[in-house]
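Asker: Predicted structure and sequence below. I'll ask about it afterward.
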Amino acid sequence: MSRKTKKMSASEFEQSLAQNQLAKWSRWLEIIIPAYVFGKSWGIAEPKNLALFKAQFPPFLIEATEFLKNIYHFQSVYVQRFVATTCGALLGGVVVGLLSILFHYILNDRKYLDSLRFTAVTIIPVAILNGILSHGLQTLVDNLQTQSVDSLKMALVISPLAYLIFIGLLYLASLWTMGRRTGVRTSRRIWLMIAGLTLLGGYLAAGLMITPDEWVKLIPILTRS
Amino acid sequence: MLLDKQRFIDLHKYTILAAAGYYLAGVFLLKRLDYAIFAIFVVALFNLFHLSFYLGRLKLAALNWILPVIVALLTMDKVLTKVPGIILPHLVWVLILSLIPLVILLVGQTNTKPSSKKRISIIKIRIIVQLLIFGLYLYLSAYTWIVGGKTELFFWGIVNVFTVALAPFFCGRILCGWICPNATLQDALYKNLSFKRPISKLPEKITSQSQTSKMWLSGKVDRHAPYLPFTLLITWFIVFFLETIFDLTPEVWYPLVFAYGLFSVSLLLPWRKFCTYFCWLSAYRSLASQNSLWRLHFNRKKCKSCKICVAEAVCPFYIDIRNLEDEMPATCCNCFSCVDACPHQGVITFKRPPKN
């Protein structure tokens, strides 16, 4: 929504920001928090579950965060985990930033920063999906000895697919409702949905989810573990 | 015995306190628990939720206390435990906890006239949902500590996904109004406690920084609605980084901090101030709820300015609906308390935004 359509003038807005520094920063956190949640899952892979993370998420994203993490290796486990999470979050920010360029072009009714906020807030369902998948992998690796191959297949291949379909629908709903809430015309909302579907398709094509081929390769690794 | 408002509250307060002591001892020390204990919590909180209704109808309030007695008798041969053993002492304790308020309410006298104000249906439904989820949480938490497994983690996982990914698009931040066990405890019990809170007033810097932000994204502006920038800045980021970095999720975070920690800290501040200014869960939902379609709307033309819906007494998040141009901001938890408080028809309604 452009500033002209709102009832507060630009000068009032600037004045209110001048009075309230924290609120000003919270405007940035509207972008940073979803991007952080979206990307942190890529950064928290550990050597014991790296193969699984590469199979579950697009390998190039995991490799990119691994590269960033290994630029300087800290002795402290906690500092290293902080670095790992931050690297994932940074990458998440980059992806959100790139996607927002497309959204900005589609929305075409607001400043770029507002399009970025729009992209960040609507991507929360996909961030939740990433969180579910990474938590699932970690829990699975911790309880590997008690799992049968069938239950592993269910946890790694079949359940995530159900999550993807469910969360994918939520993501599209999120785009639609945010468009509706911020006064985006119906035709442009349809384009937003197409862009959202493209993102999900692209994410899937890039390597999200464990394919049957990857599963066959993973069985010996899991059995050895 | 004359049961005025304060005594009614005290009776339920001390019952809850005794039940909490039994619950915590059962979960952490004895590793065994009667199922009726969950019913005791639910009934005590139910009566407190409907304080104004039951204050003039003590016999009806007493009837509710039959529920835990029935549950205790029906489940007398079952105890939540890993090791089977003696059941009788636990059963006696649970029966005492249920029968004392039952008898006191039966023999008690009241000077209060029965309230004629009817609660709106959605509030009744909300209270039942809140209490069922509260009971479920207590059970799952006890189950996790006594029997083992990750049931409680699963509960919070479902709650997280539902309240961050699913609910916000349609009806906003319902975690804080309908689901959170801490919110239930605060709305029913803590709100009625009259002791002076250790932190009775928050520093001006916190409240002012939290109450004047703008919601450009959702297109609506409420200068007085806390949008939680203080929470976003000070709490959310630090807390979530700590959770990930120290890998606190399974051992410490969900089993202890998420509920017991919040229950305790919330007692230090006035009603719902913790949720309003510091809760990181609440802040994240506020962010995710910016696109919620269904919101409470305010019709200024129909408002009679009776000020019964004043924020401090009614709204958990201290949003004064009279300050709004037409609808509630994303921080509204859709508890419908303002709708319930308003004595006039059609002033506050729940609907989708107009197309333009």
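Answerer: Nice, I can see it.

Asker: Please make it C-alpha for all contacts and neighbour counts, starting now.
Answerer: Noted.

Asker: contacting residues around the residue of the stretch 201-350 of chain B found nearest chain A?
Answerer: Nearest residue of the stretch 201-350 of chain B to chain A: residue B:291, at 4.4 Å (CA to the nearest CA). For residue B:291, the contact set (CA atoms under 8 Å, 6 or more residues apart in numbering or on different chains) comprises A:174, A:177-182, B:168-170, B:172, B:218, B:330.

Asker: Can you tell me which helix or strand of chain A has the lowest average pLDDT?
Answerer: The helix or strand of chain A with the lowest confidence, counting by mean pLDDT, DSSP states H and E, is helix A:10-19 at a mean of 51.

Asker: Which is the succeeding secondary structure element to that helix?
Answerer: helix A:21-43 (DSSP states H and E).

Asker: what's the neighbour count on residue A:182?
Answerer: Other residues lying near residue A:182 total 19 when counted by other CA atoms under 10 Å in any protein chain shown.

Asker: From chain B, how far out is it?
Answerer: Between residue A:182 and chain B the distance is 6 Å, computed by CA to the nearest CA, to the nearest Å.

Asker: still on that earlier bit, mind checking which helix or strand the closest residue in space to the residue of the stretch 201-350 of chain B closest to chain A that isn't next to it in sequence is in?
Answerer: Leaving out its chain neighbours, the residue that sits closest to residue B:291 by CA to CA, 6 or more residues apart in numbering or on different chains is residue A:178, at 4.4 Å. Under the criterion of DSSP H and E, residue A:178 resides in helix A:159-181.

Asker: That helix packs against which elements?
Answerer: Here helix A:159-181 touches helix A:112-122, helix A:124-142, helix A:186-205, helix B:167-171, going by 3 or more CA pairs under 8 Å, 6 or more residues apart in numbering or on different chains; DSSP states H and E.

Asker: what's downstream of the third one, the next helix or strand?
Answerer: Downstream of helix A:186-205, the next assigned helix or strand under DSSP H and E is helix A:212-224.

Asker: Going along the chain, name the helices of the stretch 201-350 of chain B.
Answerer: Taking DSSP state H, counting those that start in this stretch as the test, the helices found in the stretch 201-350 of chain B are B:204-210, B:229-230, B:237-245, B:262-266, B:273-277, B:280-288, B:311-314, B:337-341.

Asker: thinking again about what came up before, residue B:37: which of the helices and strands packed on helix A:159-181 is closest?
Answerer: helix B:167-171 (30.7 Å; CA to CA).

Asker: Name the surrounding residues that touch whichever helix or strand comes after that closest one.
Answerer: Following helix B:167-171 in sequence order, the next helix or strand is helix B:174 (DSSP H and E). Applying CA under 8 Å, 6+ apart, the contact partners of helix B:174 are B:163, B:167, B:168, B:333, B:334, B:335.

Asker: Which single one of the residues you listed is nearest to residue A:65?
Answerer: For the contacts of helix B:174, the nearest to residue A:65 is residue B:163 (29.1 Å; CA to CA).

Asker: For the stretch 51-200 of chain B, list the residues in contact with chain A, please.
Answerer: Residues of the stretch 51-200 of chain B lying close to chain A by CA under 8 Å from any CA of the partner chain are B:161, B:164, B:165, B:166, B:169, B:170.

Asker: Out of the residues you listed, which is nearest to residue B:236?
Answerer: Using CA to CA, residue B:164 is the member of those that lies nearest residue B:236, at 14.6 Å.

Asker: The longest helix out of those in chain A - contacts with which helices or strands?
Answerer: The single longest helix within chain A, with elements called by DSSP state H, is helix A:77-107. Under the contact definition 3+ CA pairs under 8 Å, 6+ apart, helix A:77-107 sits against helix A:21-43, helix A:59-69, helix A:112-122, helix A:186-205, helix B:237-245.

Asker: Check which helices and strands the shortest one is in contact with.
Answerer: The reference is to helix B:237-245. helix A:77-107.

Asker: in the helix it packs on, what counts as buried?
Answerer: A:80-93, A:96-97, A:99-100, A:102-104, A:106-107 (16 or more other CA atoms under 10 Å in any protein chain shown).

Asker: Please list all residues in contact with residue 55.
Answerer: As the question left the chain open, I've gone with chain A. For residue A:55, counting by CA under 8 Å, 6+ apart, the contacting residues are A:207, A:208, A:209, A:210, A:211, A:214.

Asker: Chain B is the one I meant
Answerer: Each residue near residue B:55 by CA under 8 Å, 6+ apart is listed here: B:4, B:5, B:8, B:110, B:112, B:114.

Asker: Kindly report the same for residue B:108.
Answerer: By CA under 8 Å, 6+ apart, the residues touching residue B:108 are B:1, B:2, B:3, B:58.

Asker: Fine by me, we can end here.
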